[in-house]
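Novice: Would you be able to build a 3D model of this:
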Amino acid sequence: MAGAKSKEGPRFGSRAFADVPPRKKAAAKKPAVSPDIASLPREVRIIGGEWKRSKLPVGLLPGLRPTPDRVRETLFNWLGADLSGWRCLDAFAGSGALGFEAASRGAASVVLLEREVRQARSLEESKLRLKADTLQVVATDALSWMRRSAPDAFELVFIDPPFGSDLLAPAAAAAARLVVPGGYIYLEAAHTYSAEDLAPLNLTVYRHLRAGRVHAHLLQRTTGDYTAAHIT
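Specialist: Numbers count the residues shown, from 1 in each chain. Here you go, the predicted model:
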């Protein structure tokens, strides 16, 4: 129509024709590592025996807190430098520091139980590297393994479950069945266990050490018959 303004499309060079840059995809965030975990050592050293000063890697796993060097040194001073002939179980092996230390000091056999497959693989690699033929790594749930195992099978059982878990009491009860009369259980906890606490399991406190938040107990099984009791 005369006088009517024609409709014009957008002019070249106008914002309507401008290429709109594609939106950048948000970078996938890596899961944050807990400051407590990040501050832990990435390796531990064997203190004595055949593989003295050999290193064991420590994985970034929730609840994994390697037993401090000072505590391990004191523990094996209590036990003695020579564990020749001893059968040992390292339940909740983690870094394997306790089990490898026992094998380094001459233990006849050491079984390491570790549920996390990656960590079990790391333990197996350390075993091959050190040629630790007396040591066996089993990728399994420690509590289930102990409950179905034969009684009176070990002279020494290490119990150091993941930090903050509720496995300590049932693991101690399971270990009390596995250790021979007169044998030892190493128990690492956030609080002290008294003789009264342990009496239902026919265990006595042989030695105790506190180092920071760690309460290290070396328990000894009495000659009485094991009873299926529990501690808290």
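Novice: Identify each buried residue in the longest helix along the chain, please.
Specialist: The helix that spans the most residues within the chain, counting by DSSP state H, is helix 117-130. Applying a neighbour-count criterion of 16 or more other C-beta atoms under 10 Å, one finds 119-120, 122-124, 126-127, 130 buried in helix 117-130. (Glycine included, C-beta is placed from N, CA and C.)
Novice: How about residues contacting the very next helix or strand once past it?
Specialist: Once the chain leaves helix 117-130, the next helix or strand it forms, by DSSP states H and E, is strand 135-138. With C-beta atoms under 8 Å, 6 or more residues apart in numbering as the test, strand 135-138 has contacts from 93, 99-100, 103, 109-114, 120, 123-124, 127, 145.
Novice: The longest strand seen in the chain - contacts with which helices or strands?
Specialist: Scanning the chain for the strand with the most residues, using DSSP state E, yields strand 179-189. Where contact means 3 or more C-beta pairs under 8 Å, 6 or more residues apart in numbering; DSSP states H and E, strand 179-189 is packed against helix 69-79, strand 154-159, helix 168-178, strand 214-221.
Novice: quick one, which of those is nearest to Leu203?
Specialist: strand 214-221 (4.5 Å; C-beta to C-beta).
Novice: shaky segments in the chain?
Specialist: 1-41, 61-64, 224-232 (pLDDT under 70).
Novice: And Ala132, how far from Ala173?
Specialist: 29 Å (C-beta to C-beta, to the nearest Å).
Novice: Then Cys88?
Specialist: From Cys88 to Ala173 the distance is 19 Å (C-beta to C-beta).
Novice: Next one: the residue positioned nearest the centre of the chain from Glu116, what distance?
Specialist: Nearest to the centroid of the C-alpha atoms of the chain, with distances taken as C-alpha atoms, centre = their mean, sits Gly94, at 2.9 Å. Separation of Gly94 from Glu116 (C-beta to C-beta): 9 Å.
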